[in-house]
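>>> Show me the folded form of this:
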Amino acid sequence: MKRFNRVLCAAMTTGLLLTPLASQAADITTSAALEQYSSIVHASYSDSIAAAREMSAVIDAFLAAPSAESLASARKAWLSAREFYLPTEAYRFYSGPIDDAQGPEGRINAWPIDESYIDYVKGKAKAGIINNPKVAITKEKLKSLNEKGGEENVSTGWHAIEFLLWGQDFNAKGPGDRKFTDFIDGKTANADRRRLYMKLANEMLIEDLEYVAKQWAPAEQNYRQRFVAGDKESLKKALTGLGVLTRGELAGQRMEVAMDTQNQEDEHSCFSDNTHRDIIGDIVGMQNVWEGRYTGKDGKTLEGASFKTLVAQKNPAIADLVSADIAQSLKLANEIQAPFDQEIIGKKDAPGRKRVQAVIDSLKKQGKDLVAAAETLGVKRLTTKQP
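This is a model prediction of the structure:
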């Protein structure tokens, strides 16, 4: 989520790069790159919505007839849908539609979460909203309770759904193992409230994603229209999002903190053991933004004017360097072995810690080179602090 106060996030400058394509260079403008960026943003949010709807349908089927098999299908659907959301995190951190004052990011992907805020946990059988009959389970109520009284009091979004599907993770070799009987009346207390909670959480996730996607839809009077017309200021915003995700959020909050504490609670998707995929997905999103290219859910590729090409028109070497940085970060991220909570345990020279540290180091270098790239475009100062 958005916890830069827990990590030392130094001020950064960020920029754009390009591969040396002399024949195309003269044709690339800031406006064209911003338009392509906007098209990618809209396409990826649209895919995330489609995947979330598919997930919701599978979860609804599970809720209608809970069984070990239908629960396994619901978990698989969550993991699949998550893949389409993760790259969209590259469009955050500059007070855009996802995380401005009215933005729903805190309801979509807030973490880490205090799971006892939602449901029972080990040693607290009556904990959570679900087990408190005095709390009405409605969309309005769940929204009002999200992060009420503390950032970890998360009641909605991907990780609330994740916890309801997997439960707490006490298994060093795998994810949590909530029993399907938690959703059957007479088998576990408040099963009816748990089913309702899950259904509403899915619906709210889709609604919040739809709100953001609408702001990036083409040919409308919306945020996208203002963004494309914003020229250098919008360029700075897009690069800020890329820079903050690279250094402050992913390398810092999501990886360095977990490495320092060696605590499972500090990994991103701690119930499903999907954190290694979270890391990969975020870097894929960075690559999409930088290269101006996105391969959609339908397998078709959207490609056009990129920040990389924009930078290459002034400094081909730094443009290629950033591309190489991102490719290296992605390669190293793919080498992290699941579960992430076991990779971070041990002494400095433990194989898992070395794999995670290699990604952190690569992202740090990537951040510095993004700063240099931004400077070639006249973007002198970007900050990693949350707007």
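
>>> Which positions within the longest helix along the chain qualify as buried?
In the chain, assigned by DSSP state H, the helix with the most residues is helix 30-64. Within helix 30-64, the residues that count as buried by 16 or more other CB atoms under 10 Å are 30, 32-53, 55-56, 58-59, 62-63. Any C-beta I mention is one placed from the backbone N, CA and C, and that applies to glycine too.

>>> now stretch 102-120
103-113, 115-120.

>>> Distance across it, terminal residue to terminal residue?
Using CA to CA, to the nearest Å, the end-to-end distance of stretch 102-120 comes to 31 Å.

>>> which residues sit in contact with the closest residue to residue 206 other than its chain neighbours?
Excluding its sequence neighbours, the residue lying closest to residue 206 (CB to CB, 6 or more residues apart in numbering) is residue 52, at 5.0 Å. Going by CB atoms under 8 Å, 6 or more residues apart in numbering, residue 52 touches 81, 84, 85, 202, 205, 206, 209.

>>> just residue 302 next, same as before
Taking CB under 8 Å, 6+ apart as the test, what residue 302 contacts is 39, 40, 43, 293, 294, 295, 296.

>>> Please confirm that it is located within a strand.
Yes. With DSSP: H, G, I helix; E, B strand; the rest coil as the criterion, residue 302 is part of a strand.

>>> ok so, going back, find the pair from the contacts of residue 52 with maximum spatial separation.
84 and 202 (14.8 Å; CB to CB).

>>> from the chain's centre, how far out does stretch 98-113 sit?
10 Å (CA atoms, centre = their mean, to the nearest Å).

>>> Model confidence score at the residue nearest to residue 206, please.
pLDDT for residue 52: 98.

>>> where's it relative to residue 78, distance?
Noted for residue 52: a distance of 10 Å to residue 78, by CB to CB, to the nearest Å.

>>> Who are the packing partners of the helix or strand hosting residue 161?
Assigning secondary structure by DSSP states H and E places residue 161 in helix 158-166. Packing partners of helix 158-166 (3 or more CB pairs under 8 Å, 6 or more residues apart in numbering; DSSP states H and E): helix 68-85, helix 105-109, helix 191-215.

>>> okay, the angle between that helix and helix 30-64?
Here helix 158-166 runs at an angle of 30 degrees relative to helix 30-64 (axes from the mean of the first three to the mean of the last three CA atoms, to 10 degrees).

>>> How about residues contacting helix 158-166?
By CB under 8 Å, 6+ apart, helix 158-166 touches 59, 71, 74-75, 78, 82, 85, 108-113, 115, 118-119, 154, 175-178, 194, 197-198, 201-202, 205, 269, 271-272, 274.

>>> sorry, back to before: so how far is residue 205 from the residue nearest to residue 206?
6 Å.

>>> swap in residue 154?
For residue 154 relative to residue 205 (CB to CB), the value is 13 Å.

>>> Show me where the protein dips below the pLDDT cut-off.
Scanning the chain for pLDDT under 70 picks out the ranges 1-26, 382-387.

>>> Can you show me the strands along it?
293-295, 301-303 (DSSP state E).

>>> Looking at those, which one is packed in the most?
Mean neighbour count (mean count of other CB atoms under 10 Å) peaks for strand 293-295 among those, with a mean of 19.

>>> How far does that one sit from its chain's centre?
17 Å.

>>> how about the closest residue to residue 339 other than its chain neighbours, what does it touch?
Nearest non-adjacent residue to residue 339, counting by CB to CB, 6+ apart: residue 273, 4.0 Å away. When contacts are counted by CB under 8 Å, 6+ apart, residue 273 touches 169, 174, 175, 338, 339, 340, 341.

>>> now swap in residue 43 and tell me
Per CB under 8 Å, 6+ apart, neighbours of residue 43: 294, 296, 302.

>>> Let's have these in JSON lines, adding distance to residue 372.
Below are those laid out as JSON lines (distance: CB to CB, whole Å):
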{"residue": "294", "distance to residue 372": "25"}
{"residue": "296", "distance to residue 372": "31"}
{"residue": "302", "distance to residue 372": "28"}
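
>>> between these, which is nearest residue 349?
Distances from residue 349 to the contacts of residue 43, taken by CB to CB, are shortest for residue 294, at 38.7 Å.

>>> so that closest one makes contact with residue 288?
Yes. Taking CB atoms under 8 Å as the definition, residue 294 is a contact partner of residue 288 at 4.9 Å.

>>> Mind listing the shared neighbours of those two?
Joint contacts of residue 294 and residue 288 (CB under 8 Å, 6+ apart) are 40, 44, 87.

>>> Closest to residue 380 out of the residues you listed?
Nearest to residue 380 among the shared contacts of residue 294 and residue 288, with distances taken as CB to CB, is residue 40, at 25.5 Å.

>>> Find the nearest non-adjacent residue to that closest one, please.
residue 294 (4.4 Å).

>>> Return the residues in contact with that neighbour.
Per CB under 8 Å, 6+ apart, neighbours of residue 294: 40, 43, 44, 87, 288, 301, 302, 303.
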